[in-house]
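[1] Prediction below, plus the sequence it came from.
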Amino acid sequence: MPARTLGALLVAAAACTWGLWSLFLRGSGLDGPAVTAVVLAVMALPLPLALRRTALRDRGALGAVALLGLADAGNVGCYFTALQRGPIALAVLTHYLAPLLVALLAPAALSEPPSRRARLAAPAALLGLALVLGAPRGASLPTALLGGASAGCYAVVVLAAKRAGRAFGPLALNAVHAPISLALLLAAFGREALPAPGPGLLRVLAGAVLCGLAANAVFYAGLRRVTAQVASALTWLEPLAATAVGVLAFGERLGPPALLGSGLVLAAGVWVAVERPA
């Protein structure tokens, strides 16, 4: 299998796995900061086994890992705050401006050939997500700003991970940046980020292994084989997978507009993924 095809499949698999989070989070009783703290702690576990000395010699990769840790903390903090303060649909839509930002920034930041399809597909995918999620109930400028900030941070996550991946393997990339993000999360949320013991914590731990540690490692493995622009476009599969979980596991219903939007999002991601590299 060509490396580019394998990379696209790995990124798509990771995005779909992220969409399974609701299976572990619903009924857990843990809020966003506590869930994030658990996930980051689990991601840091392979550090003693995954880190290689040769990777530490690449100063550019070390700087990218530090930037990845900072950006990931900002991404999570802004996104969860947006979800808590305003319309969920608005928070999700503004958060998924990230693929467009990556398409605009990757040529300069990573010397990637610009993808015309990635720039054209982003508005179409956002329209599709709007059809899937429905119109936001009420307008909230702070929610839109927080969602947009999380999109900017997530774009930096993708770009920094792409650069750091030249020296660090997928597990090491998870493990090295997670303590940085965890420290910033604890500094920002304090006790609110400390999970309460109980059955809900066990569920979140299971989710952290599958949807956190494993899915992120698969994503980083795929990111090494495709451009950042292709990888970010394929992350549109995450909200589609989450929507499918809602239908199959929780009895939620989708109307014709949502089905049309799902097809539009899927088509946009595939269209970018199959573009021939310049």
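    Perfect, thanks for sending it.
[2] From here on, just use CA atoms for contacts and neighbour counts.
    Fine.
[3] Return the set of buried residues in the host helix or strand of P142.
    Applying DSSP states H and E as the criterion places P142 in helix 141-164. In terms of neighbour count (16 or more other C-alpha atoms under 10 Å), helix 141-164 has its buried residues at 143-164.
[4] Please apply the same query to stretch 3-20.
    4, 7-20.
[5] Next: stretch 72-84.
    Buried residues in stretch 72-84 (16+ other C-alpha under 10 Å): 72-83.
[6] picking up where we left off before, roughly how far is the helix holding P142 from the heart of the chain?
    9 Å (C-alpha atoms, centre = their mean, to the nearest Å).
[7] What is the neighbour count of A108?
    11 (other C-alpha atoms under 10 Å).
[8] Using CSV, write down the CA coordinates of the worst-scoring helix or strand of the chain on mean pLDDT.
    When the helices and strands of the chain are compared on mean pLDDT, DSSP states H and E, helix 88-95 comes out lowest with a mean of 80. Provided in CSV are the C-alpha atoms of helix 88-95 (Å, rounded to 0.1, in the frame of the first residue of the first chain):
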residue,chain,number,x,y,z
ILE,A,88,-22.9,23.6,21.1
ALA,A,89,-23.4,23.9,17.3
LEU,A,90,-21.7,27.3,17.2
ALA,A,91,-18.8,26.0,19.3
VAL,A,92,-18.3,22.9,17.0
LEU,A,93,-18.6,24.9,13.8
THR,A,94,-16.0,27.5,14.8
HIS,A,95,-13.7,24.9,16.2
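[9] next one: it to chain centre, how far?
    14 Å.
[10] which residues touch it?
    79, 82-83, 126, 129-130, 133-136, 143-144, 146-151 (C-alpha atoms under 8 Å, 6 or more residues apart in numbering).
[11] Then stretch 5-20?
    So stretch 5-20 is contacted by 210-212, 215-216, 218-226, 230-231, 234-243, 245, 273 (C-alpha under 8 Å, 6+ apart).
[12] let's go with 6 Å and repeat that
    Contacts to stretch 5-20, defined as C-alpha atoms under 6 Å, 6 or more residues apart in numbering, come from residues 211, 215, 218-219, 222, 225-226, 234-235, 237-238, 241-242.
[13] Show me what counts as buried in stretch 113-125.
    Result for stretch 113-125 [16+ other C-alpha under 10 Å]: buried residues 114-115, 117-119, 121-125.
[14] In TSV, list those along with pLDDT.
    Below are the buried residues of stretch 113-125 laid out as TSV (pLDDT from 0 to 100):
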residue	pLDDT
P114	92
S115	92
R117	92
A118	92
R119	91
A121	92
A122	90
P123	90
A124	91
A125	91
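[15] what ranges do the strands span in the stretch 151-278 of the chain?
    For the stretch 151-278 of the chain, no strands are identified by DSSP state E, counting those that start in this stretch.
[16] which regions of the stretch 101-250 of the chain sit below the pLDDT cut-off?
    Scanning the stretch 101-250 of the chain for pLDDT under 70 picks out the ranges 135-139.
[17] quick one, helices of it?
    Along the stretch 101-250 of the chain, counting by DSSP state H, counting those that start in this stretch, helices occupy 116-133, 141-164, 170-189, 199-207, 215-223, 228-234, 237-250.
[18] Let me have the ones you listed in a markdown table, extended by distance to V265.
    Conversion of those to a markdown table gives the following (distance: least, C-alpha to C-alpha, whole Å):
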| stretch | distance to V265 |
| --- | --- |
| helix 116-133 | 5 |
| helix 141-164 | 17 |
| helix 170-189 | 27 |
| helix 199-207 | 25 |
| helix 215-223 | 19 |
| helix 228-234 | 9 |
| helix 237-250 | 8 |
